[in-house]
Every structure is written in C-alpha cells, then in structure tokens.
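> need a 3D model of the sequence below.
(chains A, B, C and D)
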There are 2 protein chains.
Amino acid sequence: MTEKTDFDLQHFMPYLLNRAAEASSLDFQRYYKARYGMQRTEWRVVFHLGRYGDLTAKEICTRASIHKTKVSRAVAALEKRRFLTRQPLEGDRRHELLSLTRTGKAAFDDLVEEAQRFDDTLMGAFSVTERDILRRCLRHIIDTGRGS
Amino acid sequence: MTEKTDFDLQHFMPYLLNRAAEASSLDFQRYYKARYGMQRTEWRVVFHLGRYGDLTAKEICTRASIHKTKVSRAVAALEKRRFLTRQPLEGDRRHELLSLTRTGKAAFDDLVEEAQRFDDTLMGAFSVTERDILRRCLRHIIDTGRGS
DNA sequence: GATTGATAGTTACAAATGCAACCAATATCA
DNA sequence: TGATATTGGTTGCATTTGTAACTATCAATC
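Below is the predicted model of the structure:
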C-alpha cells in the first residue's frame, strides 16, 4: 500500500486547476472591476450577450453553467447601470430577452479587446501544440464533469 | 481590425480554467463536505499538515496562497471539531504550530485516498504526454500569475 | 375551465468571503 | 529604556454566495 504522504497536492488536478484559474483571472478581473464596476458573473453575462446575441436569462444559465439566482442578480445590476435592457417575450411572458445597450456593447468591445490581449500574453508562453492540448483537455474536463 | 464577435469565450483561458476547476472539484468537494463537514480551505489546511508535517498558519498561507483570515477561520473550525491542535511556539509566542490529531490524520488518509482515486479517473482520459503538458502549463500559469 | 404540474425568474435568509481595523508579541533603534 | 515598526493571527462589518421557498406564466389533463 502506498504511503499517504506520497500523494502530492501539486499534482492533484482539481487543486492545480483551481489555483491556475485564480491566478489567471486576477488581472483581468481587476480590469473590469476597476473600469466598469462589474463582477465575474456580470462580465460573463455581458460577454454572452455580446458574443452570441440577445438571449434569455435561462439560456445564459445553460450555456455558462451559472445558477439562475446569480444570473438574475447580475442582470438586475447590469440593467440598473444601463448595460442591458430586458424585453418580455411575446407569446411567453415568462421569458425576457436581454439585449446590450449601446453602453453595454461598448463595454463588451473594450473588454473583449482586453481579454484578447490578456489571453495572448498568457498563452504566449506555450507552443501551439501545448495550447491545443491544454484547451482540449480543459474542455474535456468541463464536458465530463457533472454540471451544477 | 478583427471583429469583436470573433473572440470565442470557449478559447479564453481564464474562462476555461475556471470552468474546468469548478467541474473537476465538484464531486470531491461533495465528498469531504458530506463526510467530514469540511469546506475547501479546511481540506487544504488538513492536506498541508498531513502532507508536509506540522506548520504554522502563516506557512500554510504562503504555500497555498490563501489569505490569512481564511486560514484563521479554517483552523478555528478544524480545532473545534478536533481535527487539529495548536501549540504556541517557544521563543516566539506569536506563532502557533498546528498538528493533526489522530482524527485529523485519519481524515487526511481517507481524503488522500479518495483524492487519488478521483484524480485517476479524471486523468484516465488523457495520455501520459497530455498529462505532463497539462500539469506543466498549469504550474507555469500558477507561478507567473500575480499572487493575491 | 379547474386542477395539477412545469418553467422563468425573484426574493429572503443563512453561510462564506474580502477588507480593514485590530490585538499581542517581537524586532529595531534612538 | 522607551518609541516605533513589523509580524502572526483574530475580529467586525459589508458584500457575495448558495439554498430553498416564492411568484407568475404557461402547459396538460381531467
């Protein structure tokens, strides 16, 4: 039987992933927080709307695996700050279609640019092969993990 | 100039990392929560003590990049539930040496075993080369990211 | 068309977190 | 010696989060 002390936390994937996630998010997080007063869920909502067009809150929940309460609050906050508007859907008034305002779009454009720049420096350290493997593995982990 | 809508969130590394981290932690988290009523920081503290021997709170903070308030509260909680004991250090009574109790060690052993099993199934999907690259990239990201 | 059951989204309350101020022990140095 | 700074660790308070219960709209069944 292997000694328990052989187990190295530095090789434990969930631990590595958590620390890498945290480390890699810090700077960007600081940026959108300082510049737009957004928090993570808000940026993600903005991102989804900017990237994939108008969506309902539910769709964002599903696509991003975010709990509906978090999305609900993020949407409320974004609406108050005029980054997006809601429009009840004809035919089913339970749904609300969310759309970025001009302000929201501008923020999205800026944030995407920053994200891109940020990602470039982060990934610049790796070869193309490494990047591919990295992305593919992460995606696999995401897809096979149980959703919340 | 590239269109902003070209940017794919699914390739944005911090996003991938965050989602993979979350997905990969869920099951294990559920385990130590259900079995020992621990939360993440508590498990990490237990882990560090079990793996690296007795440490002070400060040392755990440094090694794991966890804020001292979080560690402080985790230690308090673990002490209350008899997973560890503190002992003021001779010579400098600001430091307290933390040691796992028998109960703490038992929990550590069990959790390590579970973590190992968990990691095996998670990484089982990848080739040895992939695992190496994955670990090496993550470590690089961790080490180059600004610490909190 | 009333009853039951989903479904989209909100809210209320408890637990977790981050931040800053804090305490106590030690170090520094006039 | 005594004033000041530093360090390990804790506490208080405001913000964020998770969970569960709630409203409102629609669907299905009788």
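> quick one: pLDDT of the residue nearest the centre of chain A?
The residue lying closest to the centre of chain A (CA atoms, centre = their mean) is residue A:44, at 4.3 Å. Note on residue A:44: pLDDT of 96.
> show me the contact partners of the lengthiest strand in chain A.
Longest strand in chain A by number of residues (criterion: DSSP state E): strand A:92-100. Contact with strand A:92-100 is made by A:45-46, A:49-50, A:54-58, A:60, A:75, A:83-89, A:108, as judged by CB atoms under 8 Å, 6 or more residues apart in numbering or on different chains. Placement of C-beta: from N, CA and C, glycine included.
> and the very next helix or strand once past that strand, which residues are buried?
Where DSSP states H and E defines the elements, the next helix or strand beyond strand A:92-100 is helix A:102-123. Along helix A:102-123, these residues count as buried under the neighbour rule (16 or more other CB atoms under 10 Å in any protein chain shown): A:104-105, A:107-108, A:111-112, A:115, A:118-119, A:122-123.
> quick check, helix A:102-123 touching chain B?
Yes: judged by CB under 8 Å from any CB of the partner chain, helix A:102-123 comes into contact with chain B at A:108-109, A:112-113, A:115-116, A:118-119, A:122-123.
> hmm, back to that, not counting its neighbours along the chain, what's nearest the residue nearest to the centre of chain A?
In space, and not counting its chain neighbours, residue A:44 is closest to residue A:64: 5.6 Å by CB to CB, 6 or more residues apart in numbering or on different chains.
> now residue A:25
residue B:14 (4.5 Å).
> touching, that neighbour and residue A:27? I think so.
No: if you go by CB atoms under 8 Å, residue B:14 and residue A:27 don't touch, sitting 9.0 Å apart.
> those two - which one has more neighbours?
residue B:14 (24 against 15; other CB atoms under 10 Å in any protein chain shown).
> contacting residues around the more buried one?
A:21, A:24-25, A:28, A:118-119, A:122.
> pLDDT at it, what is it?
Per-residue confidence at residue B:14 stands at 94 (pLDDT).
> how about the helix or strand harbouring it: buried residues?
Taking DSSP H and E as the definition, residue B:14 sits inside helix B:13-36. Going by neighbour count (16+ other CB under 10 Å), the buried part of helix B:13-36 is B:13-25, B:28-29, B:31-32, B:36.
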